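[1] Return atomic coordinates for the entry below.
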Amino acid sequence: MKKALIAIAIATSLSGCATIIGSTTQPLTIKSTPEGANVVVINRAGEKIHSGVAPMTVTLNRGAGYFKPEIYTIKFDKEGYESKEVVVTGQVNGWYFGNIIFGGLIIGMLIVDPNTGAMYSLSSDKVEEALVAVGAKTSKVDNALTIVSVADVPAELMKSARRIN
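    Alright, predicted model coming up:
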């Protein structure tokens, strides 16, 4: 029993807590309304990582290098609809601080987790975007709200609409 505890203590001190508990990658589910939008995923270096048709799930790296969280730009494009971009970023994962508690302070916090990217989690595990038809009469308020006339919303998109009271 004592040998097992010593082995566990050595293993945790020689590795990163976030690397042991978590992962260096994370799945991201991408959906569009209407479905069938072309999707391109681009990393912080400007490289195209993945392309496909929504809905889809991709597995992305959480880190981009030593102490660098990854940043992804998700581009949506569908004929008859305006193009759209969404940014997903890596943020420090709570398990990273487990290195303080479990004894991986130097190796885990300063070497393993920052190198593997396991110290980060992506800001979202899903991206769902509603595309606006080209030529639809819209009004933007503070770049946060888009107002569209119901008459300009495609029938496929109206199926997922809900009344807000």
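
[2] now do the same end-to-end measure for stretch 155-162.
    13 Å (Cα to Cα, to the nearest Å).

[3] go on, stretch 42-60?
    10 Å.

[4] Flag every buried residue along it.
    Ile42, Asn43, Arg44, Ile49, His50, Ala54, Pro55, Val58, Leu60 (16 or more other Cβ atoms under 10 Å). Bear in mind the C-beta positions are built from the backbone N, C-alpha and C, glycine included.

[5] Pick the one among those residues closest to Ala118.
    Set against Ala118, the nearest of those by Cβ to Cβ is Leu60 (13.3 Å).

[6] Adjacent strands (with direction) for the strand or helix carrying that closest one?
    Applying DSSP states H and E as the criterion places Leu60 in strand 56-61. Strand pairing for strand 56-61, using DSSP bridges, gives strand 25-33 (antiparallel).

[7] Mind listing what's buried along whichever helix or strand comes after the partner strand?
    Sequence order places strand 38-42 as the next helix or strand after strand 25-33, per DSSP H and E. Neighbour-count burial for strand 38-42, with 16+ other Cβ under 10 Å as criterion, is recorded at Val39, Val41, Ile42.

[8] Give me the distance between the last one and Val88.
    This means Ile42. 11 Å (Cβ to Cβ, to the nearest Å).

[9] Tell me the residues that contact both of these two, please.
    Common contacts of Ile42 and Val88 (Cβ atoms under 8 Å, 6 or more residues apart in numbering): Tyr72.

[10] How about the contacts made by Glu82?
    Leu131, Val132, Ala133, Val134.

[11] repeat for Gly80
    Ala133, Val134 are the contacts of Gly80 under Cβ under 8 Å, 6+ apart.

[12] And it, how far from Ser32?
    With Cβ to Cβ as the criterion, Gly80 and Ser32 are 13 Å apart.

[13] same deal with Ala64?
    In terms of Cβ to Cβ, Ala64 sits 26 Å off from Ser32.

[14] How about Leu60?
    Taking Cβ to Cβ, one finds Leu60 at 18 Å from Ser32.

[15] which SS state does Ser124 fall under?
    Following DSSP: H, G, I helix; E, B strand; the rest coil, Ser124 is assigned to coil.

[16] so it makes contact with Val87?
    No: using Cβ atoms under 8 Å, Ser124 is not in contact with Val87; the gap is 10.0 Å.
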